[in-house]
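**Student:** Following is a predicted model, sequence given first.
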Amino acid sequence: ATVAQRAEWNGTGATADGHRVKVYGNVGSPADALAAADAGAEGVGLFRTEFCYLDAADEPSVADQRAAYTAVLAPFRGKPVIVRTLDAGADKPLAFLSPEAEPNPALGVRGLRVAFDRPEVLDRQLEAIAGAAEDSGAEVSVMAPMVATVEEAAWFASRVRAAGIARAGVMIEIPAAALSAREILEAVDFVSVGTNDLAQYTFAADRQLGAVAKLNDPWQPGLLRLLKLIGEAAKATGKPAGVCGEAAADPRLALVLAGLGLTSLSMNAPAIRAVGATLATATLAECEALAEATLATSDPAAARAAARG
Ligand code: PEP
Ligand code: MG
């Protein structure tokens, strides 16, 4: 298998022998959505809704949210789109949601945790998302950021279903959730791994801090071993487990992720074609062999070398 940076891609994510690994776009605005659709994304694996409100002083109304989400979903009529509920806090504080001061914002009340005290904000967002699904004709699923336990996942799924949205999933961004991937998958319809945060919390290394960037390398074998558990959980439950962090945008790592059992990869538009084209260069058995080889290494450089096959 060779990395096919320039190769053409037929628009259907699959290994050379036809094992499907869907290639999706990460979006946060209508412009991102158009760019992802233009690049051939099969759908959206992560719509970061908080990006719509980074400058908002007050909670947007349901009608405003519905219109904003519809504008992003419009290019994906009839296609799968995963809308993430507001991931406020830490690197993305929202004025109307985030606590004023916390000693460790990355470990504080962020992501889904905000909704435990203020479920009405979540319910209003879910109402807007259900409306946007209707208006756009996209096949909408909803997922929660920063989920730590099975109980949180089940609680979120029950709110999503009460809002009349068919499919509920959660992100795996916390090591405890990765270790409980199977039990979490039993409580929801799908999971998606946020490798940016999963790396940050696994290595106790701030994702915004250059001084510890080496630890946040997605080729770290310690991270790949957690991804293996998630791939195994997907196989055991027959439910989808995607990756929507930066790791999914590396074509060579995409082969490893396919080999680990991950079922979709979601990334920013510029990476879509290269990842789609590269997946088609290796069979599933070759991807599995690359995954096994990378897991047998002890550092990122050796993992990268092993994945060159
Ligand atoms: C992640 O953490 O990998 C992720 C996709 O979410 P975000 O980058 O928005 O935190
Ligand atoms: Mg994250």
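**Tutor:** In hand now; what should we look at? Ligands and ions are numbered 1, 2, ... in the order given.
**Student:** My understanding was that residue 232 contacts residue 262; is that so?
**Tutor:** No. Judged on C-beta atoms under 8 Å, residue 232 makes no contact with residue 262 at a distance of 10.5 Å. For glycine as for every other residue, the C-beta is placed from the backbone atoms N, C-alpha and C.
**Student:** Neighbour count for these two, which is higher?
**Tutor:** Regarding residue 232 and residue 262, a neighbour count based on other C-beta atoms under 10 Å identifies residue 262 as having more, with 26 against 15.
**Student:** What confidence value was assigned to that one?
**Tutor:** In this model, residue 262 is scored at 98, pLDDT.
**Student:** in the stretch 101-250 of the chain, what spans have low per-residue confidence?
**Tutor:** Within the stretch 101-250 of the chain, no range satisfies pLDDT under 70.
**Student:** Contacts only, for the residue nearest to residue 271 when sequence neighbours are not counted.
**Tutor:** Nearest residue to residue 271, sequence neighbours excluded (C-beta to C-beta, 6 or more residues apart in numbering): residue 249, at 3.8 Å. Going by C-beta atoms under 8 Å, 6 or more residues apart in numbering, residue 249 touches 267-268, 271, 275.
**Student:** And these, which is closest to residue 60?
**Tutor:** Using C-beta to C-beta, residue 268 comes nearest to residue 60 of these, at 24.6 Å.
**Student:** Contact partners for the nearest residue in space to that closest one that is not next to it in sequence?
**Tutor:** What sits nearest to residue 268 in space, not counting adjacent residues and going by C-beta to C-beta, 6+ apart, is residue 26, at 5.3 Å. Neighbouring residues of residue 26 by C-beta under 8 Å, 6+ apart: 32, 36, 44-46, 48, 244, 266-268.
**Student:** For these, give me CSV that also has neighbour count.
**Tutor:** As requested, the contacts of residue 26 are exported to CSV (neighbours: other C-beta atoms under 10 Å):
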residue, neighbour count
32, 20
36, 29
44, 29
45, 28
46, 28
48, 20
244, 29
266, 30
267, 28
268, 18
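**Student:** What segments of the stretch 51-200 of the chain are helices?
**Tutor:** For the stretch 51-200 of the chain, the helices defined by DSSP state H, counting those that start in this stretch occupy 62-73, 113-117, 119-136, 150-162, 175-179, 181-187, 195-202.
**Student:** Just name the most buried of those.
**Tutor:** The highest average neighbour count among the helices of the stretch 51-200 of the chain, using mean count of other C-beta atoms under 10 Å, belongs to helix 195-202 at a mean of 22.
**Student:** other SSEs contacting that helix?
**Tutor:** Contacts defined by 3 or more C-beta pairs under 8 Å, 6 or more residues apart in numbering; DSSP states H and E place helix 195-202 against helix 175-179, helix 221-237.
**Student:** packing partners for the first one?
**Tutor:** I take that to be helix 175-179. Contact here means 3+ C-beta pairs under 8 Å, 6+ apart; on that basis helix 175-179 packs against helix 195-202, helix 221-237.
**Student:** Which among the ones you listed is found nearest to residue 283?
**Tutor:** So among those, helix 221-237 is nearest, using C-beta to C-beta, at 16.7 Å.
**Student:** buried set for that closest one?
**Tutor:** 221, 223-224, 226-231, 233-234, 237 (16 or more other C-beta atoms under 10 Å).
**Student:** Can you give the distance of that helix from its chain's centre?
**Tutor:** Computed by C-alpha atoms, centre = their mean, to the nearest Å, the chain-centroid distance of helix 221-237 equals 15 Å.
**Student:** Likewise for stretch 187-198?
**Tutor:** With C-alpha atoms, centre = their mean as the basis, stretch 187-198 stands 6 Å off its chain's centre.
**Student:** same deal with stretch 267-284?
**Tutor:** Counting by C-alpha atoms, centre = their mean, stretch 267-284 is centred 16 Å from the centre of its parent chain.
**Student:** ok, back up a step: confirm that the residue nearest to residue 268 sits in a helix.
**Tutor:** No. Residue 26: not assigned to a helix; according to DSSP: H, G, I helix; E, B strand; the rest coil it is strand.
**Student:** What residues does the chain have near ligand 2?
**Tutor:** 173, 194, 197 (C-beta under 5 Å from the ion).
**Student:** Just give the nearest non-adjacent residue to the last one, would you?
**Tutor:** What sits nearest to residue 197 in space, not counting adjacent residues and going by C-beta to C-beta, 6+ apart, is residue 173, at 3.7 Å.
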